[in-house]
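Chemist: Just a sequence and a predicted model for now, questions to come.
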There are 2 protein chains.
Amino acid sequence: MKLATQRDGGRDGALIVVSSDGCRWLAATDVAATLQLALDDWDRVEPALRALSARVEAGQGDPVVAERLRAPLPRAWQWLDGSAFPTHGELMQQAFGLPPIETDRPLMYQGMSHRFLSGTEDVPFPSEADGIDFEGEFGIVTGDVPMGCSVEQALAHVRLVLLINDWSLRAIAPVEMKTGFGWIQAKPACSVAPFAVTPDELGTAWREGRVCLPLQVSINGTWFGSPNGNAMAVGFGDLIAHAARTRDLPAGTIIGSGTVSNATHADVGSSCISERRAIDMIAGRPPMPFLGFRDRVRMTVDFDGRSVFGALDQEVVAS
Amino acid sequence: MKLATQRDGGRDGALIVVSSDGCRWLAATDVAATLQLALDDWDRVEPALRALSARVEAGQGDPVVAERLRAPLPRAWQWLDGSAFPTHGELMQQAFGLPPIETDRPLMYQGMSHRFLSGTEDVPFPSEADGIDFEGEFGIVTGDVPMGCSVEQALAHVRLVLLINDWSLRAIAPVEMKTGFGWIQAKPACSVAPFAVTPDELGTAWREGRVCLPLQVSINGTWFGSPNGNAMAVGFGDLIAHAARTRDLPAGTIIGSGTVSNATHADVGSSCISERRAIDMIAGRPPMPFLGFRDRVRMTVDFDGRSVFGALDQEVVAS
C-alpha cells in the first residue's frame, strides 16, 4: 500500500492512497485526516486504508500531480538518523586521516523534524560556501514503540518505508561534530519522496529490516550513483531498539539508515558528494565540487518496473 | 503573565492562565485550546490572554492543584539545548583530563521533544547503572523565527521563559559524545516546571537574554545548589540566532541554557550531580553517587517572594 499527503492549505496536508504504479489517487481523509492521525490509530484505520488501496488499484481515482504532493509527514515528532553503512565511514576516515569512531552501538543523531520538504520544492540555503551536499537514505516510520523494545520485537513496529534526502552542509559538519554535541546548522530540513509504502509493497526487497534495492541518484541529469540498501551493517530493527532503550518512540517517529554506501563504489557510485570527494582524494584526483545554487538533485528507487517512492527532484536555491 | 497546561485527557492538555502567586487559574481554552495553538497565533491571542491574566490577578479563578498541571508544552516540535555556562565545561574537563571543546560557536544539541514530563510525575529509567542525573536549566520558547535571524533581532522572538530539568544518563553520555553524533540514549525526556512565564513576569531579573535568578535544587529535601542564571557566556539571543542560521524555527521551539553553573560553586553548589562529582574529584574527595530509584529531585526559582515557575518535584523510578 502506498500513502501520500496532498496539499490542502493546512499544516499537515490531506491523506491520500495512491496506486502501486503511482499514477492515481483516492482521498483517505474520511478514514484519517492526516498521515500522523492514521499512524496514531493504525490498527483501527489500516483495514479501511487497505480497502481504499484495493479500489485505486482497480482503476478508481484521479491522476497524481507530483507538484501537489508534500512530504508524507510534512512535520514529525521525531527524526533519528543512523549511519548504518560502514563503507561510508571508512572512506571518510581514510580520506581525512581520521581515527575510526569508537563505539559498539549503532551511530545515530537526533535531527530537526518540524519540517520535511516535498520531492519537488526548492531547497533554500544561506550560502554556497557552507558546502551544500545531499545524502540519499532509506527511512522507516514507526508506530508507538515502548521503551526497552528488543531488536526481535522492533520490526513489528515498522509501519511505512521512505526515501529521504538528508541535505547536509559539509563546511559546518566537522566543526559541529568535533564538539560531540551532534549537528544543528549542518543538518537543515530533509526532503522526503512523496510515497510512503508499507513493507509488503517492497515484496522480497524488504529483508532483515533492510530495503534491498538500489537508490538511483543523478545531479543535473547525470548519473551519480546507485548504491544498494542491502549493505546496512545493522538493520532498522537494531536502529529502532537502539533509539528506544531509554525513551518511548511516538507513532510517526522517522528513523533513517544514513547515507547509502557500498564497498563496490567504483561501480555503483555514491549517494552523497562528500563520499565521492573522499574517493577522489584517495585516488589522487581533484575532488568533485559541492553543489551550487541552481543545481538539481534527483533520487528514485525502482522495483518491478515501478518507482516505489516517487521522485525527489529538487533545485538548490539561495534562501 | 503566567501560562500553564492542565490535564484534560487530550495529548496536549488545556491552556490556562495562572495568577502571579501561582495560586489561582482561569481557563483560556476559549482563546486558544492549547499552548501550542496560542504560540502559533501569538500576536492575535496575546491581548485576550493578558485580559484573562488581569482577571485572575484580580482574584477570579479556581485554586491551582499541582498534580493536575502538565508540562506547559507536553510535546513540542523542537527542543535545542545549549551549554552556555563555561564553568560547567571547565570543571568537567579538569576532573576528567579532557581537552577543551574546540569551537567558536555556542554549543547546542537537538534533543527529544515529543514528550516533556510534568513537575510532579515519576521519572522512569531502565537501570540505576546508567548513572541517573539531572540538569537544572532555564529555557525559552520562541515564536516563529525566520532562517538567518540576527542576534539583535532574536530576543524579540522570545515568548515564554521556562524552568527545565534535563534528565541525563552519565554512564552513556561520554560514549555517545565520543561519536560526535550527540546524545540519544543519554538524553531521555526532560521535565518542565508548570508555569511558562512571559519575560515581563521576571521584571529586572530578565536581562540581556538571561534569567538572573538562582535556581534552587534539593535532593531528598537536602539543599544541593542555587547557582544563578546570570552567568551564561552567551544569552538566549545568541542561542536563537545560532539555531536559526540554516533553518526556520517553528513557534513553540524550546531552547535551553544548559546546566546552570557558577564559578562560585564552593558557595552556591551545582545544578547537576556530574559537576558536583567533578568538584569532589578535583578536591580529592570520593565523588557523590548518582541517583537511585526512589530519590526525589526538587527545583524552584523564587523572585519577589513568589515561585516563578512552580516546582519540579519528582521521584526517580524503575521503568
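Modeler: That came in fine, so what should we check first? Quick caveat: nothing in here was measured; it's all calculated off a predicted structure.
Chemist: what's the pLDDT at A:Pro124?
Modeler: In this model, A:Pro124 is scored at 97, pLDDT.
Chemist: ugh, wrong one, I meant A:Pro100
Modeler: Value for A:Pro100, per-residue pLDDT: 88.
Chemist: Which helix or which strand is home to it?
Modeler: Using DSSP states H and E, A:Pro100 sits within no helix or strand.
Chemist: Please report phi then psi for it.
Modeler: Note on A:Pro100: its backbone torsions stand at phi -60, psi 150 [degrees, to the nearest 10].
Chemist: Excluding covalently adjacent residues, which one is nearest to it?
Modeler: Nearest non-adjacent residue to A:Pro100, counting by Cβ to Cβ, 6 or more residues apart in numbering or on different chains: A:Gln93, 5.9 Å away. Where C-beta positions appear, they are placed from N, C-alpha and C, glycine not excepted.
Chemist: isn't there a helix covering that neighbour?
Modeler: Yes: counting by DSSP: H, G, I helix; E, B strand; the rest coil, A:Gln93 is located in a helix.
Chemist: From B:Ser19, how far off is it?
Modeler: 58 Å (Cβ to Cβ, to the nearest Å).
Chemist: These two: which is more packed in?
Modeler: B:Ser19 (20 against 14; other Cβ atoms under 10 Å in any protein chain shown).
Chemist: I'd assumed B:Trp25 was in contact with the more buried one.
Modeler: Yes: between B:Ser19 and B:Trp25 there is a contact under Cβ atoms under 8 Å: 7.4 Å.
Chemist: Tell me where the stretch 151-300 of chain A has helices.
Modeler: Under the criterion DSSP state H, counting those that start in this stretch, the stretch 151-300 of chain A carries helices at the ranges A:151-154, A:173-177, A:236-243, A:265-268, A:273-282.
Chemist: of all those helices, which lies closest to B:Glu121?
Modeler: B:Glu121 lies closest to helix A:236-243 among these, at 22.1 Å (Cβ to Cβ).
Chemist: Any residue of the closest one touching chain B?
Modeler: Yes: legend: contact between helix A:236-243 and chain B by Cβ under 8 Å from any Cβ of the partner chain is shown at A:His242, A:Ala243.
Chemist: roughly how far out does that helix sit from the chain middle?
Modeler: On the basis of Cα atoms, centre = their mean, to the nearest Å, helix A:236-243 sits 16 Å off its chain's mean C-alpha point.
Chemist: contacting residues around that helix?
Modeler: Helix A:236-243 has contacts (Cβ atoms under 8 Å, 6 or more residues apart in numbering or on different chains) with A:80, A:82, A:84, A:105-106, A:108, A:140, A:142, A:145, A:149-155, A:157-158, A:208-210, A:249, A:253, A:255, A:257, B:184-185.
Chemist: Just these: which are in strands?
Modeler: A:Leu80, A:Gly82, A:Met108, A:Ile140, A:Thr142, A:Val158, A:Arg210, A:Ile255 (DSSP state E).
Chemist: A:Val317 contacts A:Asp295, correct?
Modeler: No: here A:Val317 does not reach A:Asp295: they are 9.7 Å apart, not a contact under Cβ under 8 Å.
Chemist: And those two? Which one has more around it.
Modeler: Set side by side, A:Val317 and A:Asp295 show more neighbours around A:Asp295, with 18 against 13, by other Cβ under 10 Å.
Chemist: bridging residues for the residue nearest to that one when sequence neighbours are not counted?
Modeler: Among residues not flanking A:Asp295 along the chain, A:Val316 sits closest, at 5.1 Å (Cβ to Cβ, 6+ apart). Counting by DSSP bridges, A:Val316 is bridged to A:Val123.
Chemist: how many neighbours does the closest residue to chain B within the stretch 101-250 of chain A have?
Modeler: In the stretch 101-250 of chain A, the residue that lies nearest chain B is A:Gly182 (2.4 Å; Cβ to the nearest Cβ). Per other Cβ under 10 Å, the neighbour tally for A:Gly182 reads 26.
Chemist: Please list which of the ones in strands among the contacts of helix A:236-243 also come close to chain B.
Modeler: Near chain B, by the rule Cβ under 8 Å from any Cβ, you find A:Leu80, A:Met108 out of the ones in strands among the contacts of helix A:236-243.
Chemist: Write out the residues of the stretch 51-200 of chain A neighbouring chain B.
Modeler: Neighbours of chain B within the stretch 51-200 of chain A, by Cβ under 8 Å from any Cβ: A:75, A:77-78, A:80, A:83, A:101-103, A:105, A:107-115, A:124-126, A:130, A:147-148, A:169, A:172, A:175-186, A:188-189.
Chemist: Just give the number of residues close to A:Ser191.
Modeler: Around A:Ser191 there are 23 residues (other Cβ under 10 Å).
Chemist: Dig out what it forms beta bridges with.
Modeler: A:Leu117, A:Asn165.
Chemist: Find the least confident helix or strand in chain A, judged by mean pLDDT.
Modeler: Within chain A, judged by mean pLDDT, DSSP states H and E, the helix or strand with the poorest mean is helix A:86-96; its value is a mean of 92.
Chemist: In terms of secondary structure, what does that one contact?
Modeler: For helix A:86-96, the packing partners by 3 or more Cβ pairs under 8 Å, 6 or more residues apart in numbering or on different chains; DSSP states H and E come out as helix A:273-282.
Chemist: Go through the helix it packs on and flag the buried ones.
Modeler: Within helix A:273-282, the residues scored as buried using 16 or more other Cβ atoms under 10 Å in any protein chain shown are A:Ile273, A:Ser274, A:Glu275, A:Arg276, A:Arg277, A:Ala278, A:Ile279.
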